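Participant: Sequence and predicted structure below; questions after.
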Amino acid sequence: CPHCGADGLQWVAPGGLGTVYSCTTIQRKSEAGGNYNVSLIDLDEGVRLMSRVETDPVDAVRIGQRVRARVAQKDGQGVVVFDPVDDAPAGTARPVPRGPAASAAVHTSSQLRALRGSAAIAGAATFGNGEATGFTEMEVLARAARAAVADAGLKMSDIDGLCTASVLSTMWPMPVTEYLGINPRYINGTMIGGSSFVAHLLPAMQALQAGQCNAVLVCYGSTQRTSTFGRAEVAKARRVMDPQPFETPFEPMQPLSAYALAARRHMHQFGTTRRQLAEVAVAARQWAQLNPEAFMRDPLTIDDVLKARMVSDPLTVRDSCLVTDGGGAFVLVRADRARDLPNKPVYVLGNATANWNRQVSSMHDLTVTAASQSGREAFAMAGLAPKDMGVVELYDAFTINTLLFLEDLGFCAKGEGGAFVENGAIAPGGRLPVNTNGGGLSCTHPGMYGIFTVIEAVRQLRGEAGARQVAGVQTALAHGNGGTLSSQSTAILGTADAL
């Protein structure tokens, strides 16, 4: 049992009754089969399932609704679906077992605290954000990597550490090593989704301090927008290479539907509104309008977001990240060496990573992510707090992400994210600069956005952000998210004044 560790498992015959925990209706053209709902059901026995509720119309399902299970046939196989039950007793349902979210312990050892400021980002670069027609994923990565190494005042032959990941290859560091012509003594190919490149920071710092290497290149590239093997093909391959057997049969539009389920639950539990979600998209666009590298810079209003095409309610196409090409890279060296290189060093003050689940149906609470753990531990390592941050760069794959992470990272109380972002509070000129490059919603999102949170933080701390530059910035938070609210990694960065 993943909850108690017991191995004396036994079959329990469920009564079949449950309660809708969250739901989303996926909007689909009639010729494609029409709309359908995907729901999370808490069985009375204390088990949460992804399924669908057979209602007419399909969007009549509601959170808190009592339902009963039955087996339906789909493609020759039996799947469990649910029907509404108006007269079902409330019963004495067991709560879904609590996962790691129950722990409030902060793990930050003296050895971790000793690493604070021991390494610095000496170079950073992007390439091909938006559309990189004619380039392969590897070529986009290599262009960004070479630009980052040059920005650090180094040569590719100086690179003896490599961190990289790709959704298309489980052995990605090997072809990257081959293509770049390097001979790394430290190699990290950890792949935990979009947070990977933020999570690569701490192991790289440890390798640098151990003397295993002297210059670590963290790099990523994707051509999901213009490649013939694009996002749709990747999603199809993932169903085979990375199966989610308890969710895939119900055809959630992943990753979007997982975030829609979280948004719907947040709205139900805390009164969050679609207008507040739209504030996030509009703020991101206003930052993007100050960034010549941003892919979408057209004006965007609250009403534009609210009237945009619904995809998986309550999230519209404007609540969703871009689909772009792009590459990004940065170079990490020991602090003493960084001071002798051309650019202003950006020191890593804290970094922590947490992962509680893979499937969204395995989350105990859709409104609390593992960022509540990674954030606490990164801040503890840095000896800083949310109030000390000058800029905040969050992985905004969807508008709900920004609200969840502002709450979980401690910038506001749980449930207050919607109110926190109102009236342009995170837009240019607001009280907290968030996603100053335009984020994944308006700047770039090649599939795994995390590396771009670090790069934008570096640019802000070096004072190189042009029209979007936030004055006097000495500290920054960069946060990565992977999977479907699965892995979370938080980095605290700072200038020499923050040491």
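Facilitator: Cool, the structure landed. Predicted, not measured: the structure shown is a model, and the values here were computed from it. Numbers count the residues shown, from 1 in each chain.

Participant: What are the boundaries of the helices in the stretch 301-450 of the chain?
Facilitator: 302-307, 335-338, 371-382, 399-408, 417-420, 439-442, 450-461 (DSSP state H, counting those that start in this stretch).

Participant: Give me whichever of the ones you listed is most buried.
Facilitator: Most buried of these, by mean neighbour count (mean count of other Cβ atoms under 10 Å): helix 439-442, with a mean of 31. C-beta here means a position set from N, CA and C on the backbone, and glycine is covered the same way.

Participant: Export the helices of the stretch 301-450 of the chain as JSON lines, with columns for distance to Ala142 and mean pLDDT.
Facilitator: As requested, these are exported to JSON lines (distance: least, Cβ to Cβ, whole Å; pLDDT from 0 to 100):
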{"stretch": "helix 302-307", "distance to Ala142": "36", "mean pLDDT": "98"}
{"stretch": "helix 335-338", "distance to Ala142": "24", "mean pLDDT": "97"}
{"stretch": "helix 371-382", "distance to Ala142": "30", "mean pLDDT": "95"}
{"stretch": "helix 399-408", "distance to Ala142": "30", "mean pLDDT": "98"}
{"stretch": "helix 417-420", "distance to Ala142": "39", "mean pLDDT": "98"}
{"stretch": "helix 439-442", "distance to Ala142": "23", "mean pLDDT": "98"}
{"stretch": "helix 450-461", "distance to Ala142": "15", "mean pLDDT": "98"}
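
Participant: Now render those as JSON lines, adding distance to Leu43.
Facilitator: Output for the helices of the stretch 301-450 of the chain, formatted as JSON lines (distance: least, Cβ to Cβ, whole Å):
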{"stretch": "helix 302-307", "distance to Leu43": "35"}
{"stretch": "helix 335-338", "distance to Leu43": "53"}
{"stretch": "helix 371-382", "distance to Leu43": "26"}
{"stretch": "helix 399-408", "distance to Leu43": "26"}
{"stretch": "helix 417-420", "distance to Leu43": "30"}
{"stretch": "helix 439-442", "distance to Leu43": "35"}
{"stretch": "helix 450-461", "distance to Leu43": "35"}
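
Participant: Mind checking those helices for the one nearest to Asn355?
Facilitator: helix 371-382 (9.0 Å; Cβ to Cβ).

Participant: which secondary structure elements does that closest one contact?
Facilitator: helix 110-114, strand 346-355, helix 399-408, strand 475-482, strand 487-494 (3 or more Cβ pairs under 8 Å, 6 or more residues apart in numbering; DSSP states H and E).

Participant: Please tell me how far that helix is from the chain's geometric centre.
Facilitator: Chain-centre distance of helix 371-382: 16 Å, with Cα atoms, centre = their mean, to the nearest Å.

Participant: likewise stretch 361-372?
Facilitator: With Cα atoms, centre = their mean, you get 13 Å for stretch 361-372.

Participant: Straight-line length of that stretch, end to end?
Facilitator: Taking Cα to Cα, to the nearest Å, stretch 361-372 runs 19 Å from one end to the other.

Participant: List of residues touching it?
Facilitator: With contact meaning Cβ atoms under 8 Å, 6 or more residues apart in numbering, stretch 361-372 is reached by 21-22, 40, 48-50, 96-102, 246-247, 261-262, 265-266, 269-270, 354-357, 360, 404-405, 407-409, 414-415, 479, 481, 485-488, 490.

Participant: which of these are buried?
Facilitator: Using 16 or more other Cβ atoms under 10 Å as the burial test, these include 21-22, 40, 48-50, 96, 99, 101, 247, 261-262, 265-266, 270, 354-357, 360, 404-405, 407-409, 479, 481, 485-488, 490 as buried.

Participant: so which of the helices of the stretch 301-450 of the chain gets nearest Arg225?
Facilitator: Minimum separation from Arg225 across those (Cβ to Cβ) falls at helix 439-442, 13.2 Å.

Participant: on contacts alone, who are the packing partners of that closest one?
Facilitator: helix 274-288.

Participant: Quick check: buried residues in the helix it packs on?
Facilitator: 274, 276-288.

Participant: Let me have the helices and strands packed on helix 371-382 in CSV, extended by distance to His364.
Facilitator: Listed next are the helices and strands packed on helix 371-382 as CSV, based on distance: least, Cβ to Cβ, whole Å:
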stretch, distance to His364
helix 110-114, 27
strand 346-355, 14
helix 399-408, 14
strand 475-482, 17
strand 487-494, 15
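
Participant: Among these, show the one with the smallest mean pLDDT.
Facilitator: Note on the helices and strands packed on helix 371-382: lowest mean pLDDT is at helix 110-114, with a mean of 90.

Participant: Report all helices and strands that the next helix or strand after it contacts.
Facilitator: The helix or strand immediately downstream of helix 110-114 is strand 119-130, counting by DSSP states H and E. Here strand 119-130 touches helix 137-151, helix 201-209, strand 215-222, strand 325-334, helix 335-338, strand 346-355, helix 450-461, going by 3+ Cβ pairs under 8 Å, 6+ apart.

Participant: Tabulate the ones you listed (TSV), appending distance to Val12.
Facilitator: Converted to TSV, the helices and strands packed on strand 119-130 look like this (distance: least, Cβ to Cβ, whole Å):
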stretch	distance to Val12
helix 137-151	47
helix 201-209	41
strand 215-222	44
strand 325-334	48
helix 335-338	56
strand 346-355	28
helix 450-461	40
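
Participant: Tell me which residues touch Val58, please.
Facilitator: Counting by Cβ under 8 Å, 6+ apart, Val58 touches 25, 34-37.

Participant: now do Gly483
Facilitator: 192-193, 255, 358.

Participant: just to revisit the earlier point, so which of the helices and strands packed on helix 371-382 comes closest to Val61?
Facilitator: So among those, helix 399-408 is nearest, using Cβ to Cβ, at 19.1 Å.
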